[in-house]
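Peer 1: Based on what follows, work out the 3D shape:
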Amino acid sequence: MKIVFAISEVEELVKTGGLADVGKALPLALKDAGEDVVIVMPYYKVLADSLDLPSACETQTLFTEYKVYNFEVRVMDWHGIPVYFVDYPEYFMREGLYSNAYEAYEDNGERFCFFSGAVLATLQAINYSPDVIHCHDWHTAMLPYLTAYDNTGFFDKTRTVFTIHNAAFQGVNLLEKVPFLRHHPGILAQVHGGYINMLQSGIEFATKVTTVSPHYAQELLTDLGSHGLHERLVRRKTDLSGILNGCDYTQWNPATDSFLPEHYDVDNLLPKQTCKHALQEKSGLPMNVSIPLIGMVCRLTEQKGFGYILPILDELVQHNVQIVIVGTGDPKMCMDLGEFAQNHPSQFAFINGFSSEHAHLVEAGADFFLMPSQFEPCGLNQMYSLAYGTIPIVRAVGGLKDTVVDNRHSEDATGFVFEQPRPEALLACIRRALLFYYEHPVKFREMQQRGMKTRFTWERAAGEYIKLYESMFV
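Peer 2: Residues are numbered from 1 along each chain as shown. Next up is the predicted model:
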């Protein structure tokens, strides 16, 4: 099957977040399963500065009634997968992918609608007629619409899959600020109050709609969990499915992790104490292997549950516990966490920033990993934590609910889960975890080992996507 991945970022090439992880892992898994895969993505400045790529074809031209777009198509072989880059410097030769140092680019809607159109032009230019175009998030959400309105005949047999990685980001833009779309024959039907919602259009026009975990798919069908898209998604209910992301265990493996001072595995957890000492030392906390340590690495946003965390910190440090939070984001949250760390230096550490070394060390050195998210489409850190024998404390939402088994409900428990979106519910869950740590050390070790044996592979995810692709041709 010929599959096109249209995506805005791919880990190892360019990355700002978890979308890039999928952009790398899933195409590679599909290729390993025997599928014919190509990737199409923008040729950003960071790529142009580091790669000197040849053109794949002659200069391409797209027209609208407002503008002429002349762009190049660059190509490289990447792990056996052809990657085609849309090279249009006016839109992509910028320091950031989606924003400068201060704010998002005002023309993001236009930039990525053009990119979606350029994907179709690129495929025709290289004469690659795909069975499936797999689109990802709002950046490529207009591709199903553009494919449906294509009148060349080239894509008559092509099906589209649209994956929602986070429905909170929808690509809402004034149509008048998106010249690339203004001339399209059916576009006015997608406009409401002068605005176009790209994510909404992707949902409406894609052959199939997916998201990144089964439980998040269920949440998207509810008024509370749909981010305002409830009615559209309910109408596509029979075409909506949730396929859980995988985890890259080549990067996240405590037996081989180059960031760790000592390696360990499921049969020998003793070196995890060395990692704990290293984390305490790096974070400026007293080096005490017996005190339970809770770690957290994330963006500092409301989504990640800081509305539940901040109100309970005073009560939490009444317990014999250490806490390390690593991340950057909301300035007010940074200030509050920094101030709390100054006032509780022996129990609480806040590292304002991000480094891969610190992220890996938290996963290895902590006893618990905290993810009390408001919503979490899939989540990866809980998967990393399980692999490292670090017990997740999570809220029962999205992919967290699909991957962590609460100790109250099963002898196969791998973590601690709470449901109610309230600070006191989080505090009760953490207290339950601390009690378990102190009173049941043998069972705690068994829980760690169960987590380390748990696997969420991209091979499994690729198999589910292949079944989905094939179902569109029955």
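Peer 1: The longest strand anywhere in the chain - contacts with which helices or strands?
Peer 2: Using DSSP state E, we find that the single longest strand of the chain is strand 68-78. Here strand 68-78 touches strand 60-63, strand 81-87, helix 108-125, going by 3 or more CB pairs under 8 Å, 6 or more residues apart in numbering; DSSP states H and E. For the C-beta atoms, the positions are set from N, CA and C on the backbone; glycine is no exception.
Peer 1: TSV for the ones you listed, including mean neighbour count and distance to E176?
Peer 2: Conversion of the helices and strands packed on strand 68-78 to TSV gives the following (neighbours: other CB atoms under 10 Å; distance: least, CB to CB, whole Å):
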stretch	mean neighbour count	distance to E176
strand 60-63	14	19
strand 81-87	22	24
helix 108-125	23	10
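Peer 1: Any idea which of these gets closest to R94?
Peer 2: Among the helices and strands packed on strand 68-78, the nearest to R94 by CB to CB is helix 108-125 (9.1 Å).
Peer 1: tilt between that closest one and strand 68-78?
Peer 2: If you take axes from the mean of the first three to the mean of the last three CA atoms, to 10 degrees, helix 108-125 sits at 70 degrees to strand 68-78.
Peer 1: what is the mean pLDDT for helix 108-125?
Peer 2: Averaged over helix 108-125, pLDDT sits at 98.
Peer 1: For the next helix or strand after it, buried residues please.
Peer 2: Using DSSP states H and E, the helix or strand that follows helix 108-125 in sequence is strand 132-136. Buried residues in strand 132-136, defined by neighbour count with 16 or more other CB atoms under 10 Å: V132, I133, H134, C135, H136.
Peer 1: Spatially nearest residue to the second one (excluding sequence neighbours)?
Peer 2: So that's I133. V4 (4.6 Å; CB to CB, 6 or more residues apart in numbering).
Peer 1: give me phi/psi at that neighbour?
Peer 2: Per-residue torsions, V4: phi -100, psi 130 (degrees, to the nearest 10).
Peer 1: How about the contacts made by it?
Peer 2: V37, V38, I39, V40, V119, L123, Y128, P130, V132, I133, H134 (CB atoms under 8 Å, 6 or more residues apart in numbering).
Peer 1: now with 7 Å?
Peer 2: V38, V40, L123, P130, V132, I133, H134 (CB atoms under 7 Å, 6 or more residues apart in numbering).
Peer 1: now these as a markdown table including distance to A101?
Peer 2: Shown next, in a markdown table, are the contacts of V4 (distance: CB to CB, whole Å):
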| residue | distance to A101 |
| --- | --- |
| V38 | 33 |
| V40 | 28 |
| L123 | 34 |
| P130 | 37 |
| V132 | 37 |
| I133 | 33 |
| H134 | 32 |
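Peer 1: Identify, from those residues, the entry nearest to L26.
Peer 2: Closest to L26, out of all of these and judged by CB to CB, is H134, at 8.3 Å.
Peer 1: doesn't V161 make contact with the closest one?
Peer 2: Yes. Counting by CB atoms under 7 Å, V161 is a contact partner of H134 at 4.7 Å.
Peer 1: just to revisit the earlier point, buried stuff in the longest strand of the chain?
Peer 2: For strand 68-78, the neighbour count (16+ other CB under 10 Å) marks Y69, F71, E72, V73, R74, V75, M76 as buried.
Peer 1: One more: stretch 41-61?
Peer 2: M41, P42, Y43, Y44, K45, V46, L47, A48, L53, A56, Q60.
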